[in-house]
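Novice: need the 3D shape of this:
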Amino acid sequence: MDAHEKHQTQREEEHESHGKGEHEGHELVTITVDDKPVEVHRGRQSVAAIKAAGGIAQGYVLVQVIDQRDVSLADDAYVIIHGGEAFESQPPDGASS
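Specialist: Okay, here's the model as predicted:
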């Protein structure tokens, strides 16, 4: 592989990893979503990404269980994940479960 090919390969790898964003290089940890284990990257995670990883239906609200209290999280919010966090989904206001 000559220098040009090597540079092109590096650029392609950087481009492919670009979509990984701030989570690149962070180890996977386990959280629970609706009492099911889910692996996500340690560090800053969007609520939307946690909902997607946990298979939460669109429109449902994600809450984080902190000290036996439910804390509602906005879809555009971020959470710092260390591992072991617990989340639950709740139907949208006015919907029956």
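Novice: surely Lys51 is within a strand?
Specialist: No. According to DSSP: H, G, I helix; E, B strand; the rest coil, Lys51 belongs to no strand; its state is helix.
Novice: and it, what does it touch?
Specialist: Contacts for Lys51 (CB atoms under 8 Å, 6 or more residues apart in numbering) come out as Val33, Tyr60, Leu62, Asp75, Ser89. Every residue, glycine included, has its C-beta placed from N, CA and C.
Novice: those strands in the chain, which residues are they?
Specialist: Assigned by DSSP state E, the strands in the chain fall at 28-33, 36-41, 43-46, 61-66, 69-73, 78-81, 86-90.
Novice: rebuild the ones you listed as TSV, extending it with mean pLDDT and distance to Ala53.
Specialist: TSV is the format used below for the strands of the chain (pLDDT from 0 to 100; distance: least, CB to CB, whole Å):
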stretch	mean pLDDT	distance to Ala53
strand 28-33	97	7
strand 36-41	96	5
strand 43-46	96	8
strand 61-66	96	11
strand 69-73	94	14
strand 78-81	96	10
strand 86-90	97	10
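Novice: make a markdown table out of the ones you listed and add mean neighbour count and distance to Ala52.
Specialist: Output for the strands of the chain, formatted as a markdown table (neighbours: other CB atoms under 10 Å; distance: least, CB to CB, whole Å):
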| stretch | mean neighbour count | distance to Ala52 |
| --- | --- | --- |
| strand 28-33 | 16 | 10 |
| strand 36-41 | 14 | 10 |
| strand 43-46 | 17 | 9 |
| strand 61-66 | 16 | 10 |
| strand 69-73 | 13 | 14 |
| strand 78-81 | 16 | 14 |
| strand 86-90 | 17 | 12 |
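Novice: right, and those - which one's nearest Gly54?
Specialist: strand 28-33 (3.0 Å; CB to CB).
Novice: the closest one pairs with which strands, parallel or anti?
Specialist: strand 36-41 (antiparallel), strand 86-90 (parallel) (DSSP bridges).
Novice: what sits up against stretch 53-62?
Specialist: Here stretch 53-62 makes contact (CB under 8 Å, 6+ apart) with 33-34, 36, 38-40, 47, 50-51, 72-73, 75, 87-92, 95.
Novice: alright, I will stop here.
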